[in-house]
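Colleague: The following comprises the amino acid sequence and a computationally predicted model.
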Protein chains: 4
Amino acid sequence: MDIGDDKMSNAPRRPGRHFLQIPGPTPVPERVLSAMSRQMLDHRGADFQKLGKSVLSGIKTIFKTTGPVIIYPSSGTGAWEAALTNTLSPGDRVLMVETGQFAVLWKQMADRLGLRAEVIQTDWRIGADPAEIEEHLRRDTDRLIKAVCVVHNETSSGCMTPLEEIRRALDAADHPALFMTDTISGLGTADLRHDEWGIDVTVSGSQKGMMLPPGLSFTAVSEKALAASRTAKLARSYFSWDDMLSNNANGFFPYTPATGLLYGLDEAIKLLHEEGLDNVFARHARLGAATRAAVRTWGLEINCRDPKYYSQAVTTVLVPEGHNADALRALALDTFDISLGTGLNKLATKAFRIGHLGDTNDLTVMGALTGVEMSLELAGIPHKKGGVQAAMAVITDSMNKSPRAEAA
Amino acid sequence: MDIGDDKMSNAPRRPGRHFLQIPGPTPVPERVLSAMSRQMLDHRGADFQKLGKSVLSGIKTIFKTTGPVIIYPSSGTGAWEAALTNTLSPGDRVLMVETGQFAVLWKQMADRLGLRAEVIQTDWRIGADPAEIEEHLRRDTDRLIKAVCVVHNETSSGCMTPLEEIRRALDAADHPALFMTDTISGLGTADLRHDEWGIDVTVSGSQKGMMLPPGLSFTAVSEKALAASRTAKLARSYFSWDDMLSNNANGFFPYTPATGLLYGLDEAIKLLHEEGLDNVFARHARLGAATRAAVRTWGLEINCRDPKYYSQAVTTVLVPEGHNADALRALALDTFDISLGTGLNKLATKAFRIGHLGDTNDLTVMGALTGVEMSLELAGIPHKKGGVQAAMAVITDSMNKSPRAEAA
Amino acid sequence: MDIGDDKMSNAPRRPGRHFLQIPGPTPVPERVLSAMSRQMLDHRGADFQKLGKSVLSGIKTIFKTTGPVIIYPSSGTGAWEAALTNTLSPGDRVLMVETGQFAVLWKQMADRLGLRAEVIQTDWRIGADPAEIEEHLRRDTDRLIKAVCVVHNETSSGCMTPLEEIRRALDAADHPALFMTDTISGLGTADLRHDEWGIDVTVSGSQKGMMLPPGLSFTAVSEKALAASRTAKLARSYFSWDDMLSNNANGFFPYTPATGLLYGLDEAIKLLHEEGLDNVFARHARLGAATRAAVRTWGLEINCRDPKYYSQAVTTVLVPEGHNADALRALALDTFDISLGTGLNKLATKAFRIGHLGDTNDLTVMGALTGVEMSLELAGIPHKKGGVQAAMAVITDSMNKSPRAEAA
Amino acid sequence: MDIGDDKMSNAPRRPGRHFLQIPGPTPVPERVLSAMSRQMLDHRGADFQKLGKSVLSGIKTIFKTTGPVIIYPSSGTGAWEAALTNTLSPGDRVLMVETGQFAVLWKQMADRLGLRAEVIQTDWRIGADPAEIEEHLRRDTDRLIKAVCVVHNETSSGCMTPLEEIRRALDAADHPALFMTDTISGLGTADLRHDEWGIDVTVSGSQKGMMLPPGLSFTAVSEKALAASRTAKLARSYFSWDDMLSNNANGFFPYTPATGLLYGLDEAIKLLHEEGLDNVFARHARLGAATRAAVRTWGLEINCRDPKYYSQAVTTVLVPEGHNADALRALALDTFDISLGTGLNKLATKAFRIGHLGDTNDLTVMGALTGVEMSLELAGIPHKKGGVQAAMAVITDSMNKSPRAEAA
């Protein structure tokens, strides 16, 4: 052995913590990982029942509903299917707004399931416009549209839709359609009031603001949606609400639940309340504002072109013409061990995304922003320095005043 | 503080390891729990791709197939739905065998999805009889039956069906129906040869012989099934094979996969091969034989009435008339911290189940059997002592000869 | 790939849980492992201080003392050194009782440190005899003996000494010597009353009844011992009590404490009180009685020859002449994945030890006993069957009456 | 339930990852935590032996020695005691250099153990000066000094001593004294060549560059030190090298080792070699340079006043007169969840310390620096902005050239 040199090195290990700055899956808190490493138990026994009741009751407080929230062992995509198949019948019309890639995918699912989707287009740089929805619904004088489907936080575009305004649009049009929303990356990052905002089906997933690994989806269901499910004719079995609700009444599930993830969910709900939901949302707002301040200072363009729709979970950043966002991402990953979100579909190679959601904090996001600023430098992408400095100013300013006091 | 007595005790903590002897979920090995406690990663990045390829390739070796095995974030029930909706059209006839509660549930799903199920009844005390299936298929001269659905290991009854004989029955009847099987509690406990046995769709789950928490399902698919999926008309989206297969080709998934469970799956596959699949099966066979020896010595009745169908994963035990199996289970849980499986449906209160599957070994099952024997004593259920002694004899005998050398 | 056979097996993996039946280290409970997997923190900060105060206060309730208990990052051996060096001066006489190998080692340490040990011999088959100690002390008319050192539970011999009787012996002899005891494998398995029994220095470790990994030692100190430490002249620094006590007053330590183990200790103390110390001791008593019943039925000899001294933590078993205990242990480990304790020093190859202490329960110990009974069979060691049966009877009998109702 | 507001919040939970920027304990890598959560095993069995041999052999590669490295269950302080008591006799003279608080503590230990320490003073703002040591040794014409004790990396002052120059000083003086060094916070952060640099006893701990929880210490021993131990007369037992070395020869230990930490050590050694020791050192050098660039830009003073002695593990920063470093630390902890090191002894309230060692990386340290810069702002401590910007420049510059190319 030549003991003076290290001859044993064989692989590029990456020291320290990976910066997972994609808009989900997000980092899982230590306490949640720990909860999930408990051994399995009898899913028909009293200990499980206690857990089942705890998560089924606790998840309601996150959706701000007194009605049922169904927990599937599935990705969020499964909950989309549950929302549609439990409430609609073949050939039903649904109004959708193409706010980005996830709206596109939900629309494709509607097609597959035999629904007729009417789509309001956007340029993927804003959220859903309440006025357009209202206008569209007013034109539907025969009330053929059975549901309005809106993505709350479009993870691809970095645009968030104010759902309470969509509710008002339905009311203004006096339209009886069900109001369905996907808040997969919204829940736990921004306020969501299922009952107060009159949402009929709210769909979410475990791996974003809920700080869990992927594998669970959530569906909050209104009385009106439940009523619709009694006559809806789309085929469904795994995602049927009826069996779920009757079993859930006692804390159980109609098929084997994802025990480990439920352990984690129970702890994640506790964590959100320990911090306080309002504090959680304020934190996300502050981190979003800081990130946007950095992007503006760099002279790059924020994809979301109207401050009204700024997402507080993810910022989609456009790179200058002639530069490849994926090359930048690859350099950042390789050099600084930071994962940034890729541009999706029409934004591919044109944009990258900075996730600032879930179990994160000021210094982690600031560290991430230094990673982006240094990567811009190393990649030779034209930009002005000082983005991190600007972001720090947003943070320190927010320590004394409202984090939302942001000049767009 | 009165330091001489313990005034601080406040709750009935249970010391030591819980004996989880239900037929799944089964105990998760330490290495799998450890793998699952890794942090999340970018599910669109190269590190994930490596993981995706590894599990998608590895799971094939467990099903003994060269074709695709689809991994859903769902319970096994979801994979049942995938099997039916991807291959069949509304109104199609399927032949099912009611071997027990899980066959009943699969049949109910077929009904819900608009299929017409023809059911061969059993008394829930044997597996599926190849001769009956052959006869039934021969009578189907118009070849209206599109699929034969058989549960490999009936978790409720403790009966296992020899699938290779079912294949031969289809061949003997020269019937073109697809052959589908549910091996949710069979995979990883008994041999399963998807390709060699000519199975078209084999469905399983993570929480039994695969030694993982629940939350993943597996579907092995033959060429013939794939061909059927191109014309099958049942509605499907979440469970569609096409998107899965096209994304899986590169190690990715069409929607966010259950990363944490995939970490665990990768490790579980390694564990099975480190032990050697044949050793895994021999171990389960030995533990099943030992358990049955104990039951016989106690003078209790094994629900499975034909040794040909003995399950090596679970033994369903009938309690004498006038005694309640659930009362026995409650006493055992309360006194010895052991979870036994409950009798399902028509076996409710009449039977309990001893799981001897997954990440377990001789001394754990022997400890469990002492728990059952002592509980029989404390519950006042008539029985003869010596069951554990008989089980020990099976184990020590098996150390020198084939564990299958069992006089029924 | 020949998919019909498992060509990938490469290593002898052992399925299921290892049966760790040595008398320590003992299995670590899941909640303790989980607590120990928390990240590090600032050992000079407020969060640590809270932890420090909690463990320093909590550990007193286990020793049943209102005085200080010092926690060293060291094995129990280190606490032996602390006991001697903090209270004694070079050339001081100490009275020790050679109850087994650990008494031998403590005596060797006394020699090394320049003390003069007077040793009462035993045949390693009983504990320390109070009458002999009293007599020895009475003969010390010049009061030259400065300390009496007794091992509470001799882990090598399986003999436990009733410490309250030793206290009475000192009192009867009206001797001023300090009373020191090693309860490394006694603490948390049998009652220990540092204050009530007038012990001056009680020494223990983390890896036995405290259910932690090894790496921490504990030293409970009386006022009298503290007074002695002010004039004691043996050299000490790492193990000095003074710095420890002054730092501990605020929840801190004079050098970096073993944070991870302290996380675990905090949880372990909670677990002991959740079960209730009296329940913990009754459980150990029951498991000891069951084990000895098995040994007697097998016709093997229990090393401890006087029931008065039976250990409820470990049973040392003599194998018949002409048989090798280590060969039996190797066979048991290889065949059944059970670790039994080796015979130490003069008991080497003649005895093996069954640990029934720490985070364990009835079925685990019963499983272990089946492992021993089957190994005796496979090893060809003459014995009678029925040991496990006899142990079961002890357990079921104890469910209605006192577990100590044992005819020796 | 008023479901519109979060009434359940009860405690100030801190989201995201804590920034543990003290100079040790350092964050423990996920793989090490995972390794440490394995169950206990028989410390006298073959599996343990394999582990013992692996760590005893592996740790040598970190110290760059072919001789023995002893692993104690103790803090680093225990290894100091081992170094002194195994090689020296009462009244022996040792030469020490007071480079900071840890040198002070080692000297106090020498006093306690009955040694006579001759101390070279510093102002705590440089490391040990080789010329002064040489001169001091030359004056010792009677060769009464038996050992020269130097702290490699003074964790309190942020000064590192070039040990190879100290070796040359001994050689130049032709002095036979043993050369002992404390590299508790140096090992795994900067190069250390026990053999090549002719060190006789090198002492370290687990909780700094080794990335483990505290609880283990390491002592590398030269042939010359071993020879000295045969005649050294200081009392020792727990820390005796002889028993350790004879037991270690077979992979075992003379008393119960800290199994859990050894699991972690085995993994930590692997991690260091996977990254490559030279890469580990370059990373620490780069992070030190970036940190100092920030400090200079802020206009604060680096405690280490001579670039020759810059530590690459920790930077000690002086706050301006009239400001309290501990108030700054408290604000940073409270506002940004970052732990900075406190000023010790004469640096109390005057300095804080930024740890940039162990399992860390560029973005983590950059995030930490934003935390310091924002805290300076919020605390009203006079400083210039731009520190983080300057640090980023150091990092990006270093991506193309040597990280040591730093103008002090």
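Modeller: Yes, it's here.
Colleague: drop to CA atoms for contacts and neighbour counts, all remaining ones
Modeller: OK.
Colleague: since we're on A:R168, how many residues are nearby?
Modeller: A:R168 is flanked by 16 other residues according to other Cα atoms under 10 Å in any protein chain shown.
Colleague: for A:E223, that is, sorry about that
Modeller: A:E223: 12 neighbours (other Cα under 10 Å).
Colleague: got the contact list for it?
Modeller: A:67, A:200 (Cα atoms under 8 Å, 6 or more residues apart in numbering or on different chains).
Colleague: what separates it from chain B, distance-wise?
Modeller: 23 Å (Cα to the nearest Cα, to the nearest Å).
Colleague: now A:P23
Modeller: From A:P23 across to chain B, the span is 9 Å (Cα to the nearest Cα).
Colleague: pretty sure that residue is in a helix, no?
Modeller: No - counting by DSSP: H, G, I helix; E, B strand; the rest coil, A:P23 falls outside a helix, being coil.
Colleague: Around it, how many other residues sit close by?
Modeller: For A:P23, using other Cα under 10 Å, the count is 28.
Colleague: quick one: it and A:G341 touch, right?
Modeller: Yes - with contact defined as Cα atoms under 8 Å, A:P23 and A:G341 form a contacting pair (6.6 Å).
Colleague: Could you tell me which residues touch both of the two?
Modeller: What both A:P23 and A:G341 touch, as defined by Cα under 8 Å, 6+ apart, is the set A:353-355.
Colleague: anything in the longest helix along chain A near chain D?
Modeller: In chain A, with assignment by DSSP state H, the single longest helix is helix A:277-298. Yes - against chain D, helix A:277-298 shows contacts by Cα under 8 Å from any Cα of the partner chain at A:277-278.
Colleague: coming back round to it: want to try CSV for the shared contacts of A:P23 and A:G341, with pLDDT, neighbour count and distance to A:T316 as columns?
Modeller: Shown next, in CSV, are the shared contacts of A:P23 and A:G341 (pLDDT from 0 to 100; neighbours: other Cα atoms under 10 Å in any protein chain shown; distance: Cα to Cα, whole Å):
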residue, pLDDT, neighbour count, distance to A:T316
A:R353, 98, 27, 4
A:I354, 98, 26, 6
A:G355, 98, 30, 9
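Colleague: what's the closest non-adjacent residue to A:T335?
Modeller: In this structure, A:T335 finds its nearest non-sequential neighbour in A:S375, 8.0 Å apart by Cα to Cα, 6 or more residues apart in numbering or on different chains.
Colleague: Close to chain D: what parts of the stretch 151-300 of chain A are there?
Modeller: Residues of the stretch 151-300 of chain A lying near chain D (Cα under 8 Å from any Cα): A:193, A:196, A:271, A:273-278.
Colleague: Would you list the buried entries among the residues you listed?
Modeller: Neighbour counting by 16 or more other Cα atoms under 10 Å in any protein chain shown classes A:193, A:271, A:273-278 among these as buried.
Colleague: Could you list the contact residues of the stretch 251-400 of chain A toward chain B?
Modeller: So the stretch 251-400 of chain A meets chain B at A:255-260, A:339 (Cα under 8 Å from any Cα).
Colleague: Tell me which entries of those lie within strands.
Modeller: A:S339 (DSSP state E).
Colleague: Of the residues of the stretch 251-400 of chain A next to chain B, which is the nearest to chain C?
Modeller: A:G260 (14.4 Å; Cα to the nearest Cα).
Colleague: Let me see the contact set for the closest one.
Modeller: So A:G260 contacts A:36-38, A:40, B:213-214 (Cα under 8 Å, 6+ apart).
Colleague: let's see it at 7 Å
Modeller: Going by Cα atoms under 7 Å, 6 or more residues apart in numbering or on different chains, A:G260 touches A:36, B:213.
Colleague: three-state assignment of the residue positioned nearest the centre of chain A?
Modeller: The residue lying closest to the centre of chain A (Cα atoms, centre = their mean) is A:S185, at 0.5 Å. Three-state assignment for A:S185 (three-state DSSP): coil.
Colleague: Would you pull up the residue in chain A closest to chain C?
Modeller: Closest contact between chain A and chain C, by Cα to the nearest Cα, is at A:S34 (6.0 Å).
Colleague: Count residues in the vicinity of that residue, would you?
Modeller: Counted with other Cα under 10 Å, the neighbours of A:S34 add up to 22.
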